[in-house]
Structures are given as structure tokens and as C-alpha cells.
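Visitor: sequence first, then the predicted structure, then my questions.
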Amino acid sequence: MGLNFRGNEILFIDTAPVVYYIENHPQFSSKMDALIDAVSDFHQQWITSFVTYVEVLTLPRKMKNQSMEQLYAQLLTRTGFLKIIQTNPAIMNQCVHFRAEYGFKTPDAIQLATAQVFGADIVITNDQAWKKITELRVVTLDEL
């Protein structure tokens, strides 16, 4: 794995890596498996915003697949190392910054603002555009 963990880091996880893990993506699922193993080895806390919850559950709801929706919801809400962060005034203000300074759409700005406000040491995504952020350490799955 391309990351060297010190232990006790806070990792922010974007939606795409979560989806890749859930759907057993042929290129990225093994990288996600390794990241999940590292959580227990190095005691990282993973965070994500409510945006990930909304984005992950939209397809099962659209497909009217209640069992899939329930499974995904349980995966996101009952995993001991993953915490879903709700918005607050600090996140909203930082979201404005990421939209104004970098031109991100609102969902990405919320994700990035959540990562920054909650002190993420590493942001895991597969969105190359996030690499232009200077305030955060952004790592794509290709870099792992």
C-alpha cells in the first residue's frame, strides 16, 4: 500500500471508494480491502459526510431494491470505524470557501469541507480534481 500510516489518523473517505468496495470493483476493491485492514492495524477513524450516505443509497432506492438499500445503510451506519458527519456552521462556511476558491460543485465542496473541519489527515478519493486542494492531503486510489 502506498500510504504510510502513523496510527490514529483520521481518514476521510469519498463516495466512489465506498461504492467500489460495496460493488467489489475489479480494479479497486483489493485496494479498499487493504485500507479496511489497515484501519484495524493502525486504529484510524474513518469519516465521511452525509453526502456519501445520500449518494450510496440513491441507486438502491431508485431501483426499489429495499434489501440492497438496507444492506448499504447498515454498512454505512453500523461499521465501527466509519462515522457519518452531519453538517454544521463550520462545514457550511468551509464549503463556501471550496466553491468560491476552487469552483467545486456543492456535493464535492461539502465532502472536502467536512474533511477539513473534522481534521482529516488523509482524504481518500478517486477524483483527480480534488488533488488541486492545498489545504488537505488528497490521495487517489491509483496512488495506493
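Guide: Now that the structure is in, tell me what you want to look at. Residues are numbered from 1 along each chain as shown.

Visitor: just to check, A109 is in contact with F98?
Guide: Yes. In this structure A109 lies within contact range of F98 using Cβ atoms under 8 Å: 4.0 Å. All C-beta atoms are positioned from the backbone trio N, CA, C, and that covers glycine.

Visitor: buried sites along the helix or strand of the chain with the lowest mean pLDDT?
Guide: Across the helices and strands of the chain, mean pLDDT, DSSP states H and E gives its lowest value to helix 29-42, namely a mean of 79. By neighbour count on 16 or more other Cβ atoms under 10 Å, the buried set for helix 29-42 is K31, M32, L35, A38, V39.

Visitor: again, but for stretch 126-144
Guide: Buried, per 16+ other Cβ under 10 Å, within stretch 126-144: N126, D127, W130, I133, L136, V138, V139, T140, L141, L144.

Visitor: and the nearest residue to the fifth one once chain neighbours are set aside, what helix or strand is that in?
Guide: Nearest-residue entry for L136: V123, 5.1 Å, with adjacent residues in sequence omitted and distances by Cβ to Cβ, 6 or more residues apart in numbering. Mapping V123 onto the secondary structure by DSSP states H and E places it in strand 122-125.

Visitor: which neighbouring elements make contact with that strand?
Guide: strand 10-13, helix 15-22, strand 138-140 (3 or more Cβ pairs under 8 Å, 6 or more residues apart in numbering; DSSP states H and E).

Visitor: what's around Y53, how many residues?
Guide: Counted by other Cβ atoms under 10 Å, the residues lying close to Y53 total 18.

Visitor: residues contacting it?
Guide: A73, L76, T77, I84 (Cβ atoms under 8 Å, 6 or more residues apart in numbering).

Visitor: in helices only, show me the residues you listed.
Guide: Cross-referencing those against helices under DSSP state H gives A73, L76, T77.

Visitor: how much space between the second one and T134?
Guide: In other words, L76. The gap separating L76 from T134 is 29 Å, by Cβ to Cβ, to the nearest Å.
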